[in-house]
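# Dropping the sequence and predicted coords here.
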Amino acid sequence: MPGARPRVVSLVPSLTEAVAASAPGLLVGATDWCTHPPGLAAARIGGTKNPDTAAVTALRPDLVIANEEENRAPDLDALRAAGLTVLVTEVRTLDQAFTELDRVLTACGLTSRPRWLDEAEAAWAAPPPPPAPRTAVVPVWRRPWMVLGRDTFAGDLLARLGVVNRYADHADRYPRVPLDELRAAGADLVVLPDEPYRFTADDGPEAFAPLPAALVDGRMLTWYGPSLAEAPRVLGAALAEAGR
């Protein structure tokens with residue numbers, strides 16, 4: 001009916017938070033990994049890599065929002081085959097993130113830009129100045145070791161904060177690299193986020209000692225949503241602290 005609010009299912013934690021913060025009540029479904037905002041009142045429909053497509057279809061959404069990296073093509077094809085509209089985003093840089101966020105929120109029926117998105121763009125227009133350029137290895141998994149490679153959103157954020165990803169020119173986006181090669185890569189910093197693998201002070205830094213380690217909030221480094229407004233400050237402080 002005219003003026004009806006769309007029913008939205010999100011298969012991407014970042015986009016779940018973005019929609020929930022911008023238009024509360026639109027989301028009728030979200031993945032088990034959609035942890036923000038806390039207490040979100042939406043049906044849980046499985047993981048990002050293994051959503052229950054039948055459960056999504058049963059929610060009768062007007063729109064399903066997805067991401068080409070987070071979600072698998074066969075699942076998205078199954079949702080389309082069920083007659084659902086699926087919007088697939090691609091986010092490999094900060095600029096892409098802002099463009100895609102505008103596209104998603106417009107598709108959700110928003111007619112004005114949320115304040116947090118303006119604040120995020122302003123924050124990244126003038127991020128904290130880095131103390132000095134540094135080269136880093138950025139593991140995202142252990143057993144086996146996997147690191148950030150080429151064309152990643154997290155790598156772009158780090159570059160804007162003065163940290164050059166040692167594997168930014170690798171042929172793969174998330175290459176598997178043996179630990180001895182990582183240790184010999186010539187980096188002067190290791191950046192360890194707490195997701196997707198939960199690196200901690202007791203799990204990760206010891207593998208690279210005596211290389212300085214920056215333990216960073218994975219949501220600040222990898223999510224494109226409201227967290228972008230504070231990410232430059234939070235990440236900048238963690239990077240500056242490493243090696244002091």
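Structure's in. What do you need?

# Contacts for stretch 62-82 next, please.
6-15, 19, 48-51, 53, 56-57, 84-91, 104, 107-108 (C-beta atoms under 8 Å, 6 or more residues apart in numbering). Bear in mind the C-beta positions are built from the backbone N, C-alpha and C, glycine included.

# In ChimeraX, how would I select the buried members of those residues?
Burial among the contacts of stretch 62-82 is assessed by 16 or more other C-beta atoms under 10 Å; the matching ChimeraX selection reads:
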select :8,9,10,11,12,13,14,15,19,48,51,53,56,57,84,86,87,88,89,91,104,107,108
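
# Was I right to think residue 177 contacts residue 147?
Yes: using C-beta atoms under 8 Å, residue 177 is in contact with residue 147, at 5.7 Å.

# which residues are in contact with both of the two?
residue 167.

# These two: which has the busier surroundings?
residue 147 (26 against 19; other C-beta atoms under 10 Å).

# For beta bridges, what are the partners of that one?
With DSSP bridges as the criterion, residue 147 is bridged to residue 139.

# circling back: identify those among the contacts of stretch 62-82 that sit within helices.
13-15, 19, 53, 56-57, 104, 107 (DSSP state H).

# Identify the farthest-apart pair in those residues.
Across these, the longest distance by C-beta to C-beta is 23.1 Å; it joins 14 and 57.

# about what we covered before: of the ones in helices among the contacts of stretch 62-82, just say which sits nearest to residue 235.
residue 14 (15.6 Å).

# Now do the contacts for the closest one.
Applying C-beta under 8 Å, 6+ apart, the residues contacting residue 14 are 67, 91, 222-225.

# try 6 Å this time
223-225 (C-beta atoms under 6 Å, 6 or more residues apart in numbering).

# in the helix or strand hosting residue 80, what counts as buried?
Element membership of residue 80 [criterion: DSSP states H and E] is helix 73-81. Going by neighbour count (16+ other C-beta under 10 Å), the buried part of helix 73-81 is 75-76, 78-79.

# for that helix, what is the average pLDDT?
Mean pLDDT, helix 73-81: 98.

# Centre of the chain to that helix, how far?
22 Å (C-alpha atoms, centre = their mean, to the nearest Å).

# same thing with stretch 156-175?
With C-alpha atoms, centre = their mean, you get 15 Å for stretch 156-175.
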